[in-house]
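**Student:** can you look at this prediction? I've put the sequence above it.
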Amino acid sequence: MKFLCDVHISLKFSKFLSLKGFETIHINNILNSWFTKDKDICNFADQNNYILITKDLDFKNTHFINNTPQKVIRVVLGNISNNELIEIFDKILIQLQEYEQNNKFFYLEIKKNENGETLLMFI
């Protein structure tokens, strides 16, 4: 799997994915850094087969309206620590890897329910 981390995803999280053996790029290190337009992020992700990890609702809209980016993970967990986000992803990486192998176009939201349990909502 290859990941592209959007501007509101921490560099620490991006490094975690790299240390787990996944090719991972943070938007701050490519294109026009945090000034990169959403359409350019979408194009880069699709052309290079990256899964975009974002907190931005705009990418949900473009995924379903324009079919880009083709692979999106949207983090909808509110203000959580980097360590908590890393812990959540550490638990789901195998499941995510299996899903990505069988689906070349997907949207996933990571949320918590009212009991604080993490939910993966593949749409």
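**Tutor:** Done, it's in.
**Student:** rest of the way, CA atoms for contacts and neighbours
**Tutor:** Will do.
**Student:** and the longest strand along the chain, what's buried?
**Tutor:** In terms of residue count, the longest strand belonging to the chain (DSSP state E) is strand 106-112. If you call a residue buried by 16 or more other CA atoms under 10 Å, then strand 106-112 has these buried ones: Phe106, Tyr107, Leu108, Glu109, Ile110, Lys111.
**Student:** do I have it right that the fourth one meets Met121?
**Tutor:** Yes - shown here, Glu109 and Met121 form a contact pair, counting by CA atoms under 8 Å, at 5.1 Å.
**Student:** now the element after the longest strand of the chain, going C-ward?
**Tutor:** As assigned by DSSP states H and E, the chain's next helix or strand after strand 106-112 is strand 118-122.
**Student:** give the pairing partners of that following strand; include direction for each.
**Tutor:** Strand pairing for strand 118-122, using DSSP bridges, gives strand 106-112 (antiparallel).
**Student:** now the partner strand, how far from the chain's geometric center?
**Tutor:** Put simply, strand 106-112 sits 9 Å off its chain's centre (CA atoms, centre = their mean, to the nearest Å).
**Student:** where does this protein dip in pLDDT?
**Tutor:** For the chain, applying pLDDT under 70 flags no range at all.
**Student:** bridging residues for the spatially most central residue of it?
**Tutor:** Closest residue to the average C-alpha location of the chain: Ile53 at 1.4 Å, with CA atoms, centre = their mean. Judged by DSSP bridges, the bridge partners of Ile53 are Cys5, Ile73.
**Student:** which residue ranges of the chain form helices?
**Tutor:** Applying DSSP state H to the chain gives helices spanning 11-19, 38-47, 57-66, 82-102.
**Student:** could those helices go into JSON lines alongside distance to Asn29 and mean neighbour count?
**Tutor:** Formatted as JSON lines, those follow (distance: least, CA to CA, whole Å; neighbours: other CA atoms under 10 Å):
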{"stretch": "helix 11-19", "distance to Asn29": "10", "mean neighbour count": "17"}
{"stretch": "helix 38-47", "distance to Asn29": "12", "mean neighbour count": "17"}
{"stretch": "helix 57-66", "distance to Asn29": "20", "mean neighbour count": "15"}
{"stretch": "helix 82-102", "distance to Asn29": "19", "mean neighbour count": "12"}
